[in-house]
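Novice: how would this look folded up:
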Amino acid sequence: MSIKAKLSFSISVIVAVILALYISIYYVSSKAEVQSTLEQQVNNIAKQISLTLEASESARQSMEDTIGEKLRMAAIAAKEQLDPDIDNVTNEQLIEIARKIGVDHITLWKKLDDDVVVLKSSDPNEINMSSKTWDYWYRAFLQLFKNHNVTIPEGQKLENYWSGPFNFSTSDPKKIRKWGSYFDGTTNYIINPYVNAQVLLDFDYTIGTDAIVNKIIADQQDILEITGFDPQFFGKSPIIKIKKGIPVYNLDVRDIPFGQYTYKDQENDSINIQYALKSGKAVNVKSNLKGKRVMKTFIPITIDKTYVICISFDQNSILKPLNRQLIMQSVISLGLVLVTMIASYFIAGFMIRGLNQILNKVNAIAAGNFGEVITIRSNDEFGLLASRIDTMGSNLHSYTTQLKDAAEELRSTKQYLESFVNHTSDAIHVADLKGDVIQVNRAFETMYGWSEKEALGKPLDNVPDDYLSSHHELQATVLQGGSVTDFETVRYSKCGKLVDLSITVSPIRDELGEIIAIATISRNITSRKQTEEIIRRSEKLSVVGQIAAGVAHEVRNPLTTLRGFVQLQQQTGSLSPAHLKVMLGELDQINMIVSEFLVFAKPQANLHQPINVLGIVSDIMMLLDSEAKMSNVQLALLADANLPEVIGEANQLKQVFVNVMKNGIEAMPGGGVLTVKLEYRVDHMLTLQFIDQGCGIAEEDVLRLGEPFFTKKTNGNGLGLMVSQQIIAAHKGSIVFRSEVGKGTCVEVSLPTGS
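Specialist: As a prediction, the model looks like this:
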């Protein structure tokens, strides 16, 4: 795409973004204004319903109270004409009295044991009805019989009188009636006249709350429905009573006291009702119900009790004018963008005419011609650009010459480095982060046996299985930015032979400092390892020779016992079973001592495996017990319970422990106690402390312990501690010396456990 087209496109995009932002801001602000207007409308509707509901409830309650008072007067009038004893009253008499005083019927209730029952009535369907299951009606009857007055919160309460809310009749569930109950103690029954109360229910549908709600819905086309919720009963199981086989909803426990509830989302509506009650504010929610996008607003109102009004709007009808205006503005904006694109294309072409000359100059520089000059000399940005490009051409000519000289110097340096790498005796190979070899030197081919062609592009799979974990640790250290120097390990050559190596591993970074490869330098230390093994064996043989006398003394005692029993056999010609048992025990003792001595003395292959350190120390203490006794030294062992095993080579560790314990015994020519303590630390290390009570070591000599040929013994060679340190280091442990002249020495050996 040309610059002219890019410039035109960029300007058009900017204009389009500005127009889109304007439309978005206008749409959001208009939507907010519509929302605000809608909220105001909802609040006005809620206030109107609240006032209507309050007036309606007040008027209906007044009507109901008036009917209740008339029923009380009717009950008093009936009492004057009735006998105080219910047994002397007839149903025909009640029919006649009801007609005279102007009520539908009169029922007489009497308390029998734990129930209140109809015994006489002008309506045959009422006779023998029980009130025991009528909840607060039953409690009201009991209170009338007991106190002549009622205290329950429900219903109308007057002196010696109680009138419950109008409701469906039990004897005739199709009719709604209002009852009055009178008892002043002069009779043995409650007088209960009642009349038809359909007028109270019709009141709401004609001039009450339901009428106002229907009028609001008719006037506001975007309102789908208005619902009045009673939070006390909504969301709970409806109370349905079976009267004469007909299921009837009690009018005093209605969950929807007014309005319609056709757009139902009962579970979420119940949650929103409770939230509106707790917050005391309107709650707006949106949902899809009956194929429409419905917005519901829940508003709490309080009159004689708390209700929640839900006004449901058709969201599409609310946003329809706003969406129509949005489409119109989008079409106009699209036309403006097209006009801007065409106009900016011609303007851009006029502005960049001088750019072609600059482009020719740049092409000439790219071809190596730095002498061409641009003729534009205007004072605008193009003129300044032309001047700068002329200067750049001159500078590039100078820099190119310098780069050629630097390239020649780099070529010479590269040849020097390649010569150094290829002629060093250490094997060098470089691998990428995936492990594939990307470079080797000649020493690598000689040491490992793989040619450069065989090694490149493949991972170097020559790590023995026993060394894989340490190899992965080295890689992790290097990938984290560290380096490893002179790490002793073992690798396979091409022919499968194991080679002892000292390796140095370092990361290779790019110009940004990111690690891109790993370089490994390998040095063959097989000869050095063989020399160390010869020294270790020499020191081991020296130790074996020194403890031989102690072993011989330990063997001589059982032999003396055996000789005595053999002589006894020669004299008597027979031995008792007890004597034979003693002889066998002494032979077992000789066999155990000689076996331990041979296990320690004979050469064994290095094999790292789990080792019971406590068992090794116990065996060594048995071997050195005779030598210790000859020096008047007592051997003491203190060990924690359940010590874990360590991974290592048992024969080498025995060599270290014998060397340290012999040094401790020799440090106490006058006798004493050599204590060996075994402890398991929280850092998964097993520590062995060899504590003597000898003469101690001077501070300056402690620093030199482990140096080759450094010794204070007249017949020592100074190699024992050096070999011991090498063995402990090979086991990834440590050995520390602490001493005080005149008080003794503590040698602490720490070994990693397998746990």
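
Novice: every contact and neighbour count from this point should use C-alpha atoms.
Specialist: Fine.

Novice: can you tell me the closest non-neighbouring residue to Ser451?
Specialist: Nearest non-adjacent residue to Ser451, counting by C-alpha to C-alpha, 6 or more residues apart in numbering: Glu445, 5.2 Å away.

Novice: distance-wise, check the one you found relative to Thr520.
Specialist: Applying C-alpha to C-alpha, to the nearest Å, the value for Glu445 to Thr520 is 14 Å.

Novice: can you show me the strands along the stretch 551-700 of the chain?
Specialist: 609-611, 633-639, 646-648, 672-680, 685-691 (DSSP state E, counting those that start in this stretch).

Novice: contacting residues around the nearest residue to Leu635 once chain neighbours are set aside?
Specialist: Distance criterion C-alpha to C-alpha, 6+ apart; nearest residue to Leu635, sequence neighbours excluded, is Leu674 at 5.1 Å. Shown in contact with Leu674 (C-alpha atoms under 8 Å, 6 or more residues apart in numbering): Val633, Gln634, Leu635, Ala636, Met661, Gly664, Ile665, Phe690, Ile691, Asp692, Gln693.

Novice: tally up the residues packed near the last one, please.
Specialist: So that's Gln693. 21 (other C-alpha atoms under 10 Å).

Novice: any idea which helix or strand comes after the longest helix anywhere in the chain?
Specialist: The helix spanning the most residues in the chain, taking DSSP state H as the definition, is helix 3-81. Using DSSP states H and E, the next helix or strand after helix 3-81 towards the C-terminus is helix 91-101.

Novice: show me what the very next helix or strand once past that next one is packed against.
Specialist: Using DSSP H and E, the helix or strand that follows helix 91-101 in sequence is strand 105-112. Applying 3 or more C-alpha pairs under 8 Å, 6 or more residues apart in numbering; DSSP states H and E, we find strand 105-112 packed against helix 91-101, strand 115-121, strand 190-196.

Novice: give me the contacts around strand 105-112.
Specialist: When contacts are defined by C-alpha under 8 Å, 6+ apart, strand 105-112 is touched by residues 86, 94-95, 98, 116-123, 126, 145, 188-195.

Novice: that one pairs with which strands, and in what direction?
Specialist: According to DSSP bridges, strand 105-112 forms sheet pairs with strand 115-121 (antiparallel), strand 190-196 (antiparallel).

Novice: re the thing from before, with respect to Arg293, which of the strands of the stretch 551-700 of the chain lies nearest?
Specialist: Among those, strand 685-691 comes nearest to Arg293, with 70.5 Å by C-alpha to C-alpha.

Novice: tell me what that closest one is packed against?
Specialist: helix 650-666, strand 672-680, strand 744-752.

Novice: kindly recompute the last result at 10 Å.
Specialist: For strand 685-691, the packing partners by 3 or more C-alpha pairs under 10 Å, 6 or more residues apart in numbering; DSSP states H and E come out as helix 613-630, strand 633-639, helix 650-666, strand 672-680, strand 734-740, strand 744-752.

Novice: flag every buried residue along the first one.
Specialist: The one in question is helix 613-630. Within helix 613-630, the residues scored as buried using 16 or more other C-alpha atoms under 10 Å are 613-614, 617, 619-628.

Novice: now the second one
Specialist: The neighbour-count criterion (16+ other C-alpha under 10 Å) identifies Val633, Leu635 as the buried residues of strand 633-639.

Novice: quick one, that strand and strand 672-680 angle?
Specialist: Here the directions of strand 633-639 and strand 672-680 differ by 10 degrees (axes from the mean of the first three to the mean of the last three C-alpha atoms, to 10 degrees).

Novice: mind listing the strands strand 633-639 pairs with, and their directions?
Specialist: Counting by DSSP bridges, the strands paired with strand 633-639 are strand 672-680 (parallel).

Novice: then the partner strand to PDB, C-alphas only?
Specialist: The C-alpha trace of strand 672-680 is given here as PDB (Å, rounded to 0.1, in the frame of the first residue of the first chain):
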ATOM      1  CA  GLY A 672      39.500 -41.800  78.700                       C
ATOM      2  CA  VAL A 673      36.200 -42.100  76.900                       C
ATOM      3  CA  LEU A 674      35.700 -41.900  73.200                       C
ATOM      4  CA  THR A 675      32.000 -41.100  72.500                       C
ATOM      5  CA  VAL A 676      30.300 -41.600  69.200                       C
ATOM      6  CA  LYS A 677      26.900 -39.700  68.800                       C
ATOM      7  CA  LEU A 678      24.500 -40.300  65.900                       C
ATOM      8  CA  GLU A 679      21.700 -37.700  65.300                       C
ATOM      9  CA  TYR A 680      19.200 -37.000  62.500                       C
END
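
Novice: and Lys178, how many neighbours does it have?
Specialist: Lys178 has 22 nearby residues by other C-alpha under 10 Å.

Novice: how about Ala476?
Specialist: Neighbour count of Ala476, defined by other C-alpha under 10 Å: 13.

Novice: helix or strand: which one has it?
Specialist: Assigning secondary structure by DSSP H and E places Ala476 in helix 468-479.

Novice: which residues sit against that helix?
Specialist: Defining contact as C-alpha atoms under 10 Å, 6 or more residues apart in numbering, one finds that helix 468-479 is touched by 433, 435, 462-465, 482-484, 487, 489, 504-508, 514-519.

Novice: helices or strands next to the helix or strand just after that helix in the packing?
Specialist: Sequence order places strand 484-492 as the next helix or strand after helix 468-479, per DSSP H and E. Under the contact criterion of 3+ C-alpha pairs under 10 Å, 6+ apart, strand 484-492 touches helix 468-479, strand 498-509, strand 515-524.

Novice: by how many degrees do strand 484-492 and helix 468-479 diverge?
Specialist: For strand 484-492 against helix 468-479, the angle between stretch directions is 140 degrees (the same axes, to 10 degrees).

Novice: in TSV, list the strands of the stretch 551-700 of the chain along with mean pLDDT and distance to Arg738.
Specialist: TSV is the format used below for those (pLDDT from 0 to 100; distance: least, C-alpha to C-alpha, whole Å):
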stretch	mean pLDDT	distance to Arg738
strand 609-611	87	26
strand 633-639	92	19
strand 646-648	89	24
strand 672-680	93	15
strand 685-691	93	10
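
Novice: show me where pLDDT drops low in the stretch 301-450 of the chain?
Specialist: 304, 318-319, 350-361, 367-368, 370-383, 386, 413-423 (pLDDT under 70).

Novice: residue ranges of the strands in it, please?
Specialist: Along the stretch 301-450 of the chain, the segments classed as strands by DSSP E, counting those that start in this stretch run 306-314, 427-432, 437-440.

Novice: coming back round to it: buried among the contacts of helix 468-479? Make that a PyMOL selection.
Specialist: Buried subset of the contacts of helix 468-479, written as a PyMOL selection, criterion 16+ other C-alpha under 10 Å:
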select buried, resi 435+463+483+489+504+505+506+507+508+515+517+518+519
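
Novice: would you map the helices across the stretch 101-250 of the chain?
Specialist: Applying DSSP state H, counting those that start in this stretch to the stretch 101-250 of the chain gives helices spanning 136-147, 198-206, 209-219.

Novice: Thr170 against Glu126, yeah?
Specialist: Yes: contact criterion C-alpha atoms under 10 Å: Thr170 and Glu126 qualify, at 8.2 Å.
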